[in-house]
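In: turn this into a model:
(one chain, ligands or ions: 2)
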Amino acid sequence: MVLRQSFLIILAFFGMVLCGLIYLNTNQNSCKPQIIEKVITKKNWKLKNFGLRSPVGLVYNQPSALVSRTDVASVTPWLAPIVWEGTFDSRVIDSIYKQQNITIATTVFALGKYTRFLKDFLESAEEHYFVGFRVHFYLFTDQPEEVPNVKLGQERYLTVKTLPSMNRWQDISMSRMEILEKLIENELASEADYIFCLDVDTKFYGRWGVESLGRLVGVIHPWFFNVPRFLFTYEHRPKSQAYIPAGKGDFYYTGAAFGGSLKDVHNLTKTCREQMNIDTANSIEALWHEESHLNKYFLYNKPSKLLSPEYLWRDISMSSGSVKIIRFSHVAKNNAEVRPNL
Ligand code: UDP
Ligand code: MN
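Out: Ligands and ions are numbered 1, 2, ... in the order given. Next comes the predicted model:
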């Protein structure tokens, strides 16, 4: 009798231990990850990091299906990721892209007084932008002699292209679409896999890497990521091809940074150029020039990946709770002083 009771007690004990282990295993991320870690190590089940090796043998933490950042949205309603600090593991994503031998074309324009921004832009890019990957900068300027001599690292290239000067800053900004369209068409096909188009009055302060790559990539404008859409500065005049009706629109995207695959960015730049030409023929210029057309394009051709305002902040001196890292930021500038027509 005593023997049977002891047997039942031992059985119940093992049952409880088993249930406990199953519970911990299914709740390990929402509960206490360190507990399961301890149990596994103690029992020497050799399960630690089991199945977590990337093809190059990298060891990293188990991804969680339950826990992520809760203070920001990391996915859109059309299931495009929104990249924020804490939503990716840079070592994991680097190791995946390292095997792909990719080239990232990056265009930047510096006409008139904007050549003054080039040194900081290029030097900071060397420090933070796609470090360890092949990057080819295409720099468009009306003063090639003003391009600073910045020492580029291995597999980092710079091609300077000369453009005629322009009198209106709006024309400089808008003409970028057609120039990019033609660059992709005529030169990049066998030269690059991805392209990013960036403003030059900017500087890198933190990592901007392969986590930003995607088929079609938009960056959420740093002034509008936390406001209702009626405040977005979309073009609301129906006469313009950039027209977005009131009550429509997902995000307000910046024109200062966008990118993606060559094919998708070619279609984007071609479409925006065509729409701007129609506007010119109809004697209308969209409120925020090519940025208005870009926003119209992204409304009907959803980006496959969005970058949070970490990837284009307003000015390094301004902070925000959710933006934990400033990777790339506009620098303070006196528009009246740097622009040709103000
Ligand atoms: N730009 C330029 N020279 C000019 C005006 C503009 O090279 O005189 C280029 C430059 O690449 C700049 C971009 O056009 O980053 C967009 O203009 P800007 O930065 O003035 O627009 P904002 O970011 O202030 O809206
Ligand atoms: Mn700018």
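
In: give the contact list for residue 202.
Out: Neighbour list for residue 202: 117, 121, 256, 312, 328-331 [criterion: Cβ atoms under 8 Å, 6 or more residues apart in numbering]. Every residue, glycine included, has its C-beta placed from N, CA and C.

In: if you set the cut-off to 6 Å instead, what comes out?
Out: The contact partners of residue 202, by Cβ atoms under 6 Å, 6 or more residues apart in numbering, come to residue 330.

In: next, it: phi, psi?
Out: The phi/psi pair for residue 202 (degrees, to the nearest 10) reads phi -150, psi 170.

In: equivalent analysis for residue 61, please.
Out: For residue 61, the backbone dihedrals (degrees, to the nearest 10) come out as phi -70, psi 150.

In: how many other residues sit next to it?
Out: A count of neighbours around residue 61, defined by other Cβ atoms under 10 Å, yields 11.

In: give me the low-pLDDT residue ranges for the stretch 1-150 of the chain?
Out: 1-56 (pLDDT under 70).

In: which positions in it make contact with ligand 1?
Out: Contacts of the stretch 1-150 of the chain with ligand 1, taken as Cβ under 6 Å from any ligand atom, map to 109-112, 114.

In: which single one of these is nearest to residue 181?
Out: residue 109 (14.0 Å; Cβ to Cβ).

In: the closest one is in contact with residue 140, isn't it?
Out: Yes - if you go by Cβ atoms under 6 Å, residue 109 and residue 140 touch, sitting 4.6 Å apart.

In: what does the pLDDT read for the residue in the chain that ligand 2 sits nearest to?
Out: The nearest approach of the chain to ligand 2 comes at residue 199, 3.7 Å away (Cβ to the ion). The per-residue pLDDT reported for residue 199 equals 98.

In: for stretch 199-218, C-alpha coordinates in CSV please.
Out: C-alpha atoms of stretch 199-218 as CSV (Å, rounded to 0.1, in the frame of the first residue of the first chain):
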residue,chain,number,x,y,z
ASP,A,199,19.6,64.1,-50.4
VAL,A,200,23.1,65.6,-49.9
ASP,A,201,22.2,68.0,-47.1
THR,A,202,22.5,65.1,-44.8
LYS,A,203,24.8,63.1,-42.6
PHE,A,204,25.0,59.5,-41.3
TYR,A,205,25.3,59.0,-37.6
GLY,A,206,24.5,55.3,-37.2
ARG,A,207,24.3,52.1,-39.1
TRP,A,208,22.4,52.1,-42.4
GLY,A,209,22.8,48.6,-43.7
VAL,A,210,21.2,45.7,-45.6
GLU,A,211,18.2,45.7,-43.4
SER,A,212,17.1,48.6,-45.6
LEU,A,213,17.1,46.6,-48.8
GLY,A,214,13.9,45.6,-50.5
ARG,A,215,12.0,45.7,-53.8
LEU,A,216,10.6,49.1,-53.2
VAL,A,217,11.6,51.1,-50.2
GLY,A,218,10.1,54.3,-48.8
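
In: could you see whether ligand 1 lies near that stretch?
Out: Yes - using Cβ under 6 Å from any ligand atom, stretch 199-218 reaches ligand 1 at 199-201.

In: which one of those is nearest to residue 94?
Out: Nearest to residue 94 among these is residue 199, at 25.6 Å by Cβ to Cβ.

In: for residue 341, see how far away residue 170 is.
Out: Distance from residue 170 to residue 341, counting by Cβ to Cβ, to the nearest Å: 8 Å.

In: which one's more surrounded, these two?
Out: Between residue 170 and residue 341, counted using other Cβ under 10 Å, the more crowded position is residue 170 (16 against 11).

In: the closest residue to that one other than its chain neighbours: neighbour count?
Out: Closest residue in space to residue 170, ignoring its immediate chain neighbours: residue 289 at 5.3 Å, by Cβ to Cβ, 6 or more residues apart in numbering. Applying other Cβ under 10 Å, we find 24 other residues in the vicinity of residue 289.

In: surely residue 186 is in a strand?
Out: No - counting by DSSP: H, G, I helix; E, B strand; the rest coil, one finds residue 186 to be helix, located in no strand.

In: state the pLDDT value of it.
Out: 97.

In: could I get the contacting residues of it?
Out: By Cβ under 6 Å, 6+ apart, the contact list for residue 186 is empty.

In: show me the helices in the stretch 151-300 of the chain, by range?
Out: All helices of the stretch 151-300 of the chain, identified by DSSP state H, counting those that start in this stretch, fall at 169-183, 262-281, 289-300.

In: out of those, flag the one nearest residue 100.
Out: Comparing those by Cβ to Cβ, helix 262-281 comes nearest, at 14.8 Å.

In: packing partners of that closest one?
Out: Secondary-structure packing of helix 262-281 (3 or more Cβ pairs under 6 Å, 6 or more residues apart in numbering; DSSP states H and E): helix 169-183, helix 289-300.

In: what's the most buried one of these?
Out: Of all those, helix 289-300 has the most neighbours on average by mean count of other Cβ atoms under 10 Å, namely a mean of 22.
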